[in-house]
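Visitor: What would the 3D arrangement of this be:
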Amino acid sequence: MTRYIKFVVSRLFGTLVDTIILWLLSTYIFSSYVGVYIISPAISFEVAMFSNFCFSYFWIWNKRLETKEPKSFLIRLLYFNLSSIGGFGIKMGCLLLFEWLFGLDVVYCNLLALLISGLANYFLADLMIFRKSPYIKKIKDHILTDNVQADIMNEEKLIDN
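Guide: From the prediction side, this is the model:
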């Protein structure tokens, strides 16, 4: 339960980031329908996704991480971003549906859509991205394999010299 509370707190911060960036972009940068309802939410979502990932990696699921090397961070960020794209699809579908049904401002449609997509994102993160096994083992094995290959190459250079 504590993990879910941390998740909710971090996603509230992510929602704040998403909403502020969306409002700034849709108010001051873009004026067309595509700019306001497609491009602005995509940009704000990516920024919020990175914020959410950092909270997840360093605070929520940090005890599940067997390795905290930069490569592990980047691999998990890639997987997290890919899984978030599914959540983004849900969010965008809901956002556009709410705009079509109710004619609400993009910020309100976005907040409603985030409630729905947030649940999907929690389960993806908990069950796949920060799962202790087998994904962590694969990432760790991948990193160790690269480190072993680098060590072999360094030894070969020493032998050649």
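
Visitor: I'd like the distance between the residue nearest the centre of the chain and Val36.
Guide: Centroid-nearest residue in the chain, with Cα atoms, centre = their mean: Met49, separated by 3.8 Å. Here the distance between Met49 and Val36 works out to 20 Å (Cβ to Cβ, to the nearest Å). Any C-beta I mention is one placed from the backbone N, CA and C, and that applies to glycine too.

Visitor: All the helices of this protein, residue numbers only.
Guide: With helices called from DSSP state H, the chain shows them at 2-24, 33-34, 40-55, 70-102, 106-124, 135-160.

Visitor: Nearest to Trp61, out of the ones you listed?
Guide: helix 2-24 (7.3 Å; Cβ to Cβ).

Visitor: and the closest one, what other elements does it pack with?
Guide: Applying 3 or more Cβ pairs under 8 Å, 6 or more residues apart in numbering; DSSP states H and E, we find helix 2-24 packed against helix 40-55, helix 106-124.

Visitor: in it, what's buried?
Guide: Within helix 2-24, the residues scored as buried using 16 or more other Cβ atoms under 10 Å are 3, 7, 10-11, 14-15, 17-19, 21-23.

Visitor: Check stretch 92-104 too.
Guide: Those would be 92, 94-96, 98-99, for stretch 92-104 by 16+ other Cβ under 10 Å.

Visitor: Ok, stretch 57-68 next?
Guide: For stretch 57-68, using 16+ other Cβ under 10 Å, the buried residues are 57, 60-61, 64-65.

Visitor: before we move on, back to that, could you identify which of the helices and strands packed on helix 2-24 has the lowest mean pLDDT?
Guide: With a mean of 86, helix 106-124 has the lowest mean pLDDT of those.

Visitor: For that one, what is the distance to the chain centroid?
Guide: 13 Å (Cα atoms, centre = their mean, to the nearest Å).

Visitor: Then stretch 29-36?
Guide: Distance, stretch centre to chain centre, for stretch 29-36: 24 Å (Cα atoms, centre = their mean).
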